[in-house]
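A.B. asks: Build me a model from this:
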Amino acid sequence: MNHSRIPRRRTALAVAGAAAMTAASLTLQSAAAAPGPHPAVPSAAAAAELAQKIGTELRVETAGSYYDAAAGKLIVNVLDRAAAAEVRAAGAEPVIVEHSAAELASARAALAARAAVPGTAWAADPRTNKVVVTVDSTVRGDRLATVEKAVAALGDRATLKRTAGQLRPLIAGGDAIWGSGVRCSLGFNVTKAGKPYFLTAGHCGNASATWSASQSGSRVGETEKASFPGNDYAIVKYTSTTDHPSAVDLYNGSRQTISKAGEATVGEQVQRSGSTTQVHGGEVTALDVTVNYQEGQVDGLIGTTVCAEPGDSGGALFDGDTALGLTSGGSGDCGSGGETFFQPVPAALKAVGAQLP
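C.D. replies: Modelled structure (predicted):
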């Protein structure tokens, strides 16, 4: 089935003392001498590989990382000069920060216990070394006071941010893949046990057992498994064994071939394709995001500056030929902007036992 014809539906250690305060402003460049600059990291994918290598091969404590595309560097947060030296030797740019990964994880746990009200989201921001807590326009009165109190109790480990609109799954009733009274967008064509399937959002899969390529059209797929809330993915089995291209519709008469799935990186430039707003780009701002929709909590999402609207749910987030995510939800629109969250594709593939392409 032609991808363009399938629409989507809308769903630590603290550094103390004067010496440490000085160290907190240092990077390894000043903390440890190096013979010369490392070669630039050429892409977000290369930065992700380097970050994984540092995380698995170095015996140092890190507190997040992100890709600085303009400088061609992977920035890695560390807690002391010894760790900074090792990170620089590995080819990344270290920055000494105050809060460890464990401290930020503890802050997230406290938020989950005290501030998990609908209309909120949070994630650790490696650029600020804080947990950023987002509240939408529906969080008011006592609920807002509850969130503000929880954030204040975390001190400088967390910060509060307001967003216009409402954090919601981006599903729509009406046209465009067509289910039982809803429409979504196809994410990626995949295979499972040699048979053709496609991925879309879990809240789409929960809403409809069957899918068509046009409103009131013939059945082209049946939902086999859906997970939402908690996660936000669904796998749909094609009713026909015809080959379906591993490609994303660019809505300009061409397609982007997809050859693999990959993990997103903070700072990565990405694109999203959806049946309502077509193709839009933006930047990855956070990983492992928790979003509290009205329908329930979803964890492990990718946060971005990409816009989306109802009907874009399930659509493809990608970087070149790499599949990254499935459109989950967000706030705002493609006129005024906003933020959108995505279910990571590698996790979805593993959960459903599918492969890409």
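A.B. asks: how about Cys307, phi and psi?
C.D. replies: Per-residue torsions, Cys307: phi -90, psi 160 (degrees, to the nearest 10).
A.B. asks: That one against Gly282, yeah?
C.D. replies: Yes. Contact between Cys307 and Gly282 holds when scored by CB atoms under 8 Å: they sit 7.2 Å apart. (Glycine included, C-beta is placed from N, CA and C.)
A.B. asks: shared neighbours, those two?
C.D. replies: Shared contacts of Cys307 and Gly282 (CB atoms under 8 Å, 6 or more residues apart in numbering): Thr340.
A.B. asks: between the two, who's got more neighbours?
C.D. replies: With neighbours defined as other CB atoms under 10 Å, Cys307 and Gly282 compare such that Cys307 has more, 23 against 20.
A.B. asks: Quickly list the domain ranges of this structure.
C.D. replies: 1-11+101-204+241-357, 25-96 (automatic domain parsing).
A.B. asks: right, so those domains: which one is the most enclosed?
C.D. replies: Comparing these by mean neighbour count (mean count of other CB atoms under 10 Å), domain 1-11+101-204+241-357 ranks first with a mean of 21.
A.B. asks: mean confidence score for that one?
C.D. replies: Domain 1-11+101-204+241-357 comes out with an average pLDDT of 92.
A.B. asks: Check stretch 67-79 too.
C.D. replies: Mean predicted confidence for stretch 67-79 is 96.
A.B. asks: do stretch 49-59 as well
C.D. replies: The model assigns stretch 49-59 a mean pLDDT of 93.
A.B. asks: possible to save the domains of the chain as TSV with distance to Asp232?
C.D. replies: Listed next are those as TSV, based on distance: least, CB to CB, whole Å:
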stretch	distance to Asp232
domain 1-11+101-204+241-357	4
domain 25-96	22
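A.B. asks: what's near enough to touch the residue nearest the centre of the chain?
C.D. replies: Among the residues of the chain, the one closest to the centroid is Ile302, at 0.9 Å (CA atoms, centre = their mean). Applying CB under 8 Å, 6+ apart, we find Ile302 in contact with 264, 284, 286-287, 289, 317, 324-325, 341-344.
A.B. asks: Which of these fall within helices?
C.D. replies: Per DSSP state H, helices hold no members of these.
A.B. asks: Just want to check the distance between the nearest residue to Ala308 once chain neighbours are set aside and Val76.
C.D. replies: Ranked by CB to CB, 6 or more residues apart in numbering and with sequence neighbours excluded, the top spatial neighbour of Ala308 is Thr340, at 4.4 Å. As for Thr340, its distance to Val76 is 26 Å (criterion: CB to CB, to the nearest Å).
A.B. asks: And the helices in the stretch 251-357 of the chain?
C.D. replies: 345-352 (DSSP state H, counting those that start in this stretch).
A.B. asks: returning to what we had before: now do the residue nearest to the centre of the chain against Leu287, distance only.
C.D. replies: 6 Å.
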